[in-house]
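Peer 1: A structural model of the following input is requested.
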Amino acid sequence: MSSTKFLRLSQLSLVTSALLSGHALAEQQKEEQAIEKIAVYGQHHKNYITEEAQSATKLGLTIKETPQSISVVSRALMDDFSLDNLNAVLESTPGVTVEQIETDRTYFKARGFEITNFQVNGMGMPQDNGSIQGTLDTSIFDSVEIVRGANGLMTGAGNPSATVNMVLKRPTYQTQVNASVSYGSWDNKRQELDASTAINENHAVRAVFTKHKTESYLDRYEQDKTIYYLAYEGQLTDSTVVTANYVNQKKDADSPLWGALPLYYSDGTATNFDTSTSTASDWSYWNNTTEQLFLSIEQAITNTWFLKASYAHLENEQDSELFYVYGTPDRETGLGLTGYASEYDHKDK
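Peer 2: Next up, the predicted model:
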């Protein structure tokens, strides 16, 4: 083939390729113009994220820098998911098991051990065992910190299960008022009022009131809960801050369960009660009142070092009349159960 003929063929190939590529590009542009565009807008916020937790070391380390497993349930998370009591908060926490054995008695476990180390603002609460009588309301908390595993650095010998630290709300120097009302199944009514303001540039106060009254899917069971919370913060000097917190929580439960339903009939077959079945009597009740007072003073030495002295006073009073039922009933007659009434008056201080 001569060089002249080869040159003509090459030029023809280039022209053909250019025409084809131009046609393909035009088709692609038409397809792109025909595609519907969807714009997605979002916001980045850290309402659910807390970067620091003081329960483990009090060294100002971030959670990532702390060599322990830590979860922090923020105020925003509690509000958005209606985590109104400590049971609900710990049910949403990884690695924690909530065992509500009765209507008003709950045990918490982590890493195979019972959780007995409960704190408020980093100060321990006297707790003979892991049972929390009544469900602690979260309307007064700013966050709840859970340190899984032994926390011996800040709590003596520590506990192999976990430490639960409930951080109380602090006054704000900007006036704010928040109110909420909710209504749910079984006549579940809840009202919350949270107000905070500055007295002057160095002193601020905060008050929280919560009323929660509800019936239940269980026959005859009702609960009525009232919470009062007052907080004060004052800057005595440029380097000295004093805080005071007062908590009063009262919970009255009517016809609470005491013990469990029988699992088997006398012939060995499994029982099959209605979900609403309860062995509690009409006259039984369990009333629980808790008062807490916290005082602290913090003195700054340098920009990074502080001295802090704290005092806590706790009183818990319980009054109850309960009815306990046990045994294996007869499938036909229902006979065979034994019950007895009991009265308890208990006060911790």
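
Peer 1: Name the nearest residue to Thr269, sequence neighbours excluded.
Peer 2: Of all residues not flanking Thr269 in the chain, Arg331 sits nearest, at 6.7 Å (Cβ to Cβ, 6 or more residues apart in numbering). C-beta here means a position set from N, CA and C on the backbone, and glycine is covered the same way.

Peer 1: Contact partners for that neighbour?
Peer 2: 265-267, 269 (Cβ atoms under 8 Å, 6 or more residues apart in numbering).

Peer 1: and stretch 204-224, average pLDDT?
Peer 2: In this model, stretch 204-224 has a mean pLDDT of 96.

Peer 1: For that stretch, buried residues please.
Peer 2: Using 16 or more other Cβ atoms under 10 Å as the test for burial, stretch 204-224 gives 204-210, 212, 214-216, 218, 221-223.

Peer 1: hang on, the earlier thing: tell me which element the residue nearest to Thr269 falls in.
Peer 2: Using DSSP states H and E, Arg331 maps to neither a helix nor a strand.

Peer 1: mind checking how far it is from Tyr264?
Peer 2: Relative to Tyr264, Arg331 is positioned 10 Å away (Cβ to Cβ, to the nearest Å).

Peer 1: Also Thr333?
Peer 2: Distance check for Thr333 against Tyr264: by Cβ to Cβ, it reads 15 Å.

Peer 1: ok, the nearest residue to Val98 once chain neighbours are set aside - how many residues close by?
Peer 2: Computed as Cβ to Cβ, 6+ apart, the closest residue to Val98 that is not its neighbour in sequence is Glu91, at 4.9 Å. The number of residues packed near Glu91 is 14, by other Cβ atoms under 10 Å.

Peer 1: Same question for Lys308.
Peer 2: The number of residues packed near Lys308 is 12, by other Cβ under 10 Å.

Peer 1: residue contacts, it?
Peer 2: So Lys308 contacts 296-299 (Cβ under 8 Å, 6+ apart).

Peer 1: most surrounded residue in the residues you listed?
Peer 2: Most neighbours among these, by other Cβ under 10 Å: Ser296, with 18 neighbours.

Peer 1: and the helix or strand where that residue lies, which strands flank it?
Peer 2: Using DSSP H and E, the element containing Ser296 is strand 285-300. If you go by DSSP bridges, strand 285-300 pairs up with strand 240-254 (antiparallel), strand 306-327 (antiparallel).

Peer 1: measure the spatially most central residue of the chain to Glu298 for me?
Peer 2: In the chain, the residue lying closest to the centroid (Cα atoms, centre = their mean) is Val89, at 2.3 Å. Val89 sits 27 Å away from Glu298, going by Cβ to Cβ.

Peer 1: Distance check, Val181 against Ser278.
Peer 2: 29 Å.

Peer 1: Pipe the contacts of Lys308 into a markdown table and attach distance to Tyr340 and pLDDT per row.
Peer 2: Below are the contacts of Lys308 laid out as a markdown table (distance: Cβ to Cβ, whole Å; pLDDT from 0 to 100):
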| residue | distance to Tyr340 | pLDDT |
| --- | --- | --- |
| Ser296 | 46 | 95 |
| Ile297 | 51 | 96 |
| Glu298 | 52 | 94 |
| Gln299 | 57 | 94 |
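
Peer 1: Pick the one among these closest to Asn245.
Peer 2: Of all those, Ser296 has the smallest distance to Asn245: 8.6 Å, by Cβ to Cβ.

Peer 1: Beta-bridge partners for the closest one, please?
Peer 2: Thr243, Ser310.

Peer 1: Enumerate every residue touching it.
Peer 2: 121, 242-244, 308-311.

Peer 1: Please repeat the previous calculation with a cut-off of 7 Å.
Peer 2: By Cβ atoms under 7 Å, 6 or more residues apart in numbering, Ser296 lies in contact with 243, 308-310.

Peer 1: Most neighbours out of those residues, which is it?
Peer 2: Highest neighbour count within the contacts of Ser296, by other Cβ under 10 Å: Thr243, with 18 neighbours.

Peer 1: hang on, the earlier thing: CSV for the contacts of Lys308, including distance to Leu136?
Peer 2: CSV is the format used below for the contacts of Lys308 (distance: Cβ to Cβ, whole Å):
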residue, distance to Leu136
Ser296, 21
Ile297, 26
Glu298, 26
Gln299, 31
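
Peer 1: what does stretch 67-80 contact?
Peer 2: Contacts to stretch 67-80, defined as Cβ under 7 Å, 6+ apart, come from residues 47-48, 50, 53, 56, 63, 83, 89, 92-95, 138, 142-149.

Peer 1: hmm, back to that, Val181 and Ser278: which has the busier surroundings?
Peer 2: Ser278 (20 against 10).

Peer 1: and the helix or strand containing the residue nearest to the centre of the chain, how far from the chain's centre?
Peer 2: For Val89, the element it lies in under DSSP H and E is helix 86-91. In terms of Cα atoms, centre = their mean, to the nearest Å, the centre of helix 86-91 is set 5 Å apart from its chain centre.

Peer 1: Sweet, I'm off.
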